[in-house]
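# mind folding the following:
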Amino acid sequence: MFETKALAADHKDLIHDITFDFYGRRMATCSSDQSVKVWDLNENGEWICSSGWKTHSGSVWRVVWAHPEYGQMLATCSFDRTACIWEEQIADSGAPKAAASGSHWVKRATLVDSRTSVTDIAFAPKHLGLHLATCSTDGYVRIYEAPDVMNLSQWTLMHEITCKNGCSCITWNPSRAHPPMLAVGIDAPSGTGLLQIY
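Numbering: from 1, shown residues only. Got it, this is the predicted structure:
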């Protein structure tokens, strides 16, 4: 039923996250080596590393794709207390190609509100607009909005929610049948985990 294919990921340290894009034809990986790699599925069904670059000055915990309506966009978060927004730029046919694939990734924004490690990030469902939620070990959930999807260098901090204890993971409810909803994993002082819904 399942066929195993090994990939030489070429990360120099532990891989913390791997995620497919909306269509399942691209993957992104992130690692303690402070880098992200993007993989494309070629016509032969093989995964080819099309891009790799240093993204942070600490371990990269998570990498997520935005909905393709907003273009080819990734967000990353790290031990270095930041979350970053990355956009793929395609080289025009008359310019020298930046990479073998003819594209490269550009940092559009760095979100620096956390005072400790940013442990998880999640783009909101498309129907809510271009929003990014972050959670961190300082016990805060932060929700950012890109007010102009054509200018990804501008992100506004819309909400800052105190969770009292460190946060480890976050996810949006994708359903249109409910009001906007986030679930957050919290580190309880007793050593057990808590789940909070916002």
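# the closest residue to Pro68 other than its chain neighbours and Lys126, how far apart?
Ranked by CB to CB, 6 or more residues apart in numbering and with sequence neighbours excluded, the top spatial neighbour of Pro68 is Phe22, at 5.0 Å. Backbone N, C-alpha and C define where each C-beta goes, glycine included. Phe22 sits 9 Å away from Lys126, going by CB to CB, to the nearest Å.
# give me the more crowded residue out of these two.
Lys126 (15 against 12; other CB atoms under 10 Å).
# ok, the residue lying closest to Leu152 once chain neighbours are set aside - how many residues close by?
Take Leu152 and drop its neighbours on the chain: the residue closest to it by CB to CB, 6+ apart is Arg108, 3.8 Å away. Arg108: 17 surrounding residues under other CB under 10 Å.
# quick check, Arg108 in a strand?
Yes: when DSSP: H, G, I helix; E, B strand; the rest coil is applied, Arg108 is found to be in a strand.
# which residues touch Thr119?
Trp61, Arg62, Cys77, Cys135, Ser136, Thr137, Gly166, Cys167, Ser168, Cys169 (CB atoms under 8 Å, 6 or more residues apart in numbering).
# the helix or strand hosting the second one - contacts with which helices or strands?
Here Arg62 sits within strand 60-65, counting by DSSP states H and E. Of the remaining helices and strands, those touching strand 60-65 by 3 or more CB pairs under 8 Å, 6 or more residues apart in numbering; DSSP states H and E are strand 15-20, strand 26-31, strand 35-41, strand 73-78, strand 118-123.
# pLDDT of the very next helix or strand once past the longest one, averaged?
Right, the one you point to is strand 35-41. Counting by DSSP H and E, the next helix or strand C-terminal to strand 35-41 is strand 47-54. Per-residue pLDDT values over strand 47-54 give a mean of 94.
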